[in-house]
Each structure stands twice: as structure tokens, then as C-alpha cells.
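Trainee: Quick check, what structure comes out for this input:
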Amino acid sequence: MKKPMADIAAAALDQERNAPGSEIPDTYPLDLEEGPAVADVWIDGDLGFVLLVHRRDDGFIASEMYYSLKGEDNRWTDAEPLSGGIFSFDLENPSAADDILSDASVVVLSETESSVFTGHSDEEDGYELVRLYEILVSENVRSLRIEKTGPKTRPESVVSEKGLTSRVAVVAVRPGERLHVIPIERSGSKSTTSLELLSSST
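Mentor: Reported below is the predicted structural model:
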């Protein structure tokens, strides 16, 4: 019996796997043969997102985004589904992914906005409009350097490095934030390709 996707997402959050600052794996261990797998995890304080991927009966690979909040007891609440979609290419086929990249180190596959309850926004009864980006990376990329600049009230920059489980990463940008995403190649050098990711209110 296959494990429910919500349980898979919850386990990934408990491990805080691939969150910015976590251990960086040497390879991409994504395997869809046993069912849904964790493509990536994004954790920002007490807000967490998990991108799951699975192969459908028609052969296409679908994505499912889950999210959760960390409570006062430092435990994650039950992971809830947020959105989903279908990839236009076979994620397990390296050449298909390379065709999408077209010699770039990183490209944005999709971006969506979701109103998520965080408890931090008084103006919206605790809801924030979070912009989610799904990013495809080259096989030569081992991690992503994340340079986050906050809103005008706290514009200091925070820098972290994010490991990768697959060639698709998820990045969440909260209101007023701006993220500069720089691919780090397996040689340790910075890629010449980078991304500027904005929130809906930036």
C-alpha cells in the first residue's frame, strides 16, 4: 500500500530535508518507481512547503504542492494540499530537462500565488499572499545560493545555501521580499545564470 502524499510531505518537513542551510547531497536521489517522491522542500521559519512528484497512469509526471505551519510546540501541523500540475517534460529523462534549459543553468518552470494562513498578517486576518516558484536546474548544479532581501521595514539581506533532491526546486517568496537565486556548480563556482524572484507586493 502506497503511503499517502500528505504523510510523505509531513515526513520531509520533520526532517527539514533540503531546507536552506541543510546538508547538501552529492546526487539527485529522486526515484518515482515506488510512488510519489519528494522533489524539494522549502522552509522559511515556521512556514514550510513540500513539492511532491509522481508518475500518473498515462505516463505524465504530475506535481503536488503541500504546506504546513510549525506550532508553538515546534511541531509541524498536518501537511495540506495547496496546488498541483503536470510537467510538460519527463523529469526522469535528463535530455528532456536539458532541452527546457537550453544551455542555461536554471530556469523558472512556473510561478503561482496562494493565500496561505501564517498568523503574521494583521491586515489579512493572518493570511499572506505567497508567490511560489518551481525552478529547473542543470545537472551541473549542486545547490542554490539564496540571497533574500526583506521589505523596506527590514531590508537586511539574508544569505543561505539550499541543497537539491531533484532537478526541480521550489522557492517561496513572501510579501515584500526579493530573492536572488544563484546556482552553485559541482565545482563550487557560481553559475553565470541567476534569477531574481519577486513577491506580489515588491
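
Trainee: Show me where this protein has its helices.
Mentor: Assigned by DSSP state H, the chain shows helices spanning 5-15, 94-101.

Trainee: Name the surrounding residues that touch the longest one.
Mentor: Yep, that's helix 5-15 we're talking about. 36-38, 41, 43, 48, 50, 52, 54, 64, 66, 68, 76, 78-81 (CB atoms under 8 Å, 6 or more residues apart in numbering). Glycine gets a C-beta too; all of them are placed from N, C-alpha and C.

Trainee: Just the buried ones out of these, please.
Mentor: Buried subset of those (neighbour count, 16 or more other CB atoms under 10 Å): 36-38, 41, 43, 48, 50, 52, 54, 64, 66, 68, 76, 79.

Trainee: Go through these and name the one nearest Glu147.
Mentor: When those are ranked by distance to Glu147 (CB to CB), Ile43 comes first, at 17.0 Å.

Trainee: hang on, isn't that closest one packed against Val50?
Mentor: No. Counting by CB atoms under 8 Å, Ile43 does not reach Val50; the two are 9.3 Å apart.

Trainee: Give the residue spans of this structure that score low on pLDDT.
Mentor: By pLDDT under 70, the low-scoring segments of the chain are 1, 17-30, 121-124, 152-156, 201-202.

Trainee: center of it - which residue?
Mentor: The centre of the chain sits closest to Val170, judged by CA atoms, centre = their mean, with a distance of 1.6 Å.

Trainee: Quick check, that residue in contact with Ala39.
Mentor: Yes. Val170 lies in contact with Ala39 (CB under 8 Å); the separation is 7.4 Å.

Trainee: Quick check: neighbours shared by those two?
Mentor: Here Val170 and Ala39 share the contacting residues Leu51, scored by CB under 8 Å, 6+ apart.

Trainee: What about Ser102, how many residues nearby?
Mentor: Ser102 has 7 neighbours, counted by other CB atoms under 10 Å.

Trainee: With Gly84 instead?
Mentor: The local packing of Gly84 (other CB under 10 Å) involves 12 other residues.

Trainee: Return the distance of the spatially closest residue to it that is not a sequence neighbour relative to Ser166.
Mentor: Spatial nearest neighbour of Gly84, excluding adjacent residues (CB to CB, 6 or more residues apart in numbering): Glu64 at 4.6 Å. As judged by CB to CB, to the nearest Å, Glu64 and Ser166 stand 14 Å apart.

Trainee: what is in contact with those two at once?
Mentor: In the contact map built from CB under 8 Å, 6+ apart, the residues linked to both Glu64 and Ser166 are Val53.

Trainee: how many neighbours does Ala97 have?
Mentor: With neighbours defined by other CB under 10 Å, the count for Ala97 comes to 22.

Trainee: Grab the nearest non-local neighbour of it.
Mentor: Distances taken as CB to CB, 6+ apart put Arg167 closest to Ala97, at 5.5 Å, once the chain neighbours are dropped.

Trainee: quick one: the one you found from Asn140, how far?
Mentor: The gap separating Arg167 from Asn140 is 11 Å, by CB to CB.

Trainee: Please say which of those two ends up with more neighbours.
Mentor: Arg167 (23 against 12).
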